[in-house]
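Kindly return the folded structure for what I paste below:
(one chain, ligands or ions: 2)
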Amino acid sequence: MHRSIADQTIEELGGPRSVLARQRRDHAELDRLLERCRSTTGPEQQQALRATWQLVFPHAFAEESVLWPALRRAASDGEVLTLRVEEEHQEINQLVTEIERMQPGDPGWDELLERTFALLDRDVRDEEDLLLPALQRSLDGPALQRLGRSWELVRRTAPTRPHPVVSRRPPGNVAAALPLTLVDRSRDALDRAALGGQGAVATGSRLASRGLAALAGAIERLPPVRRGEDPRTSVGTGAHGASS
Ligand SMILES: [Fe+2]
Ligand SMILES: [Fe+2]
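Ligands and ions are numbered 1, 2, ... in the order given. You can find the predicted model right below:
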C-alpha cells in the first residue's frame, strides 16, 4: 500500500527540491487559480484563465518530456499509469484549444470551462495518488532531487499554450519544445502589449500574435514533432477524436 503525496511531510517527499514537493506546490497554485476562474467573470476571469493556462501547459509539457519517461523506465506499471495521464493531458489540450476559439458567454462556454476544470482536478488526483507515489517507490531521495531540477529546467522554458497535435511523448515533444516555446512566449508578450496598448499598437500586436498562432499550427504539423506518439493520444485517431 502506498500513500498519496498529498498526505506526506516535505521531508518524506525528499525535501523542498524533490520533484514531488515541486509538483505539489504547483498543484496547490493551480487550485488557487481554478478557484479564481470559477468565482469571477469578464476581464477578471480572462486574466485568471490566462494565468491558469500559463501554469498548466509548461508544467504538463515538462511532465511529458522528463517525468513520465523516467517513470516508464523505473516502474513496471509505468506504461499503464503514464498513458492514463497523457490521455488526460491530450483532452485538456483539445478543450483549451476549443475554449480559445470561443468568446466568453458563447453557448456552451460555462460547460466547457467546467469540464476542463474537472479534468485538471482529476489529473492532479491521479498524479498525487498514483503516479508520483510510484515514482517515489522506485527512486531514492537524490534521484528525486535530480529529477526535480530537470523537470524545473524544462518547465521554465516550455511552451505556454495548448498544442494538441504535438506528440505527448519523446522524441516528438522534445523536438517541438524550442520552436513552440519561442512562438508561445512571443505571443504572450504581444498579447500583453495588446491588452495594455491602444490604437495602432494594440491592433499591430493582435495581428502579429495571430500570425504567430498560424506559425505554431504549421510547426505542430511537421512530422518530427509527432514522433513517439501513442495512438491513444493522437488527434483524429485517439479515443477523444479530432480537436475541432
Ligand atoms: Fe502535475
Ligand atoms: Fe499533469
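
Point out where this structure drops to low pLDDT.
Applying pLDDT under 70 to the chain flags residues 1, 236-244.

and the protein, which of its residues are near ligand 2?
Proximity of the chain to ligand 2 (C-beta under 5 Å from the ion) is limited to residues 60, 123. Using the backbone N, CA and C atoms, a C-beta is placed for each residue, glycine as well.

Domain boundaries for the chain, per the record?
Domain ranges of the chain: 14-160, 165-229, per automatic domain parsing.

The most centrally placed residue in the chain sits in which helix or strand?
The residue lying closest to the centre of the chain (C-alpha atoms, centre = their mean) is Phe57, at 2.7 Å. Element membership for Phe57 (DSSP states H and E) is helix 42-62.

How about the residues of the chain by ligand 1?
Within the chain, the positions near ligand 1 by C-beta under 5 Å from the ion are 23, 127.

Let me see the ranges of the strands in the chain.
Counting by DSSP state E, the chain has no strands to list.

measure stretch 130-150 end to end?
End-to-end distance for stretch 130-150: 21 Å, by C-alpha to C-alpha, to the nearest Å.

nearest residue to Pro69 other than its sequence neighbours?
Among residues not flanking Pro69 along the chain, Pro170 sits closest, at 6.0 Å (C-beta to C-beta, 6 or more residues apart in numbering).

how close does Glu114 get to Leu34?
Applying C-beta to C-beta, to the nearest Å, the value for Glu114 to Leu34 is 10 Å.

who touches the closest residue to Glu152 other than its chain neighbours in this structure?
If you skip the residues right next to it in sequence, Glu152 has Arg22 as its closest partner in space, 6.2 Å away by C-beta to C-beta, 6+ apart. Arg22 makes contact with 16, 148, 151-152, according to C-beta atoms under 8 Å, 6 or more residues apart in numbering.

List only buried entries from those residues.
148, 151 (16 or more other C-beta atoms under 10 Å).

which parts of the helix holding Phe57 are buried?
Across helix 42-62, burial judged by 16+ other C-beta under 10 Å covers 45, 48-50, 52-62.
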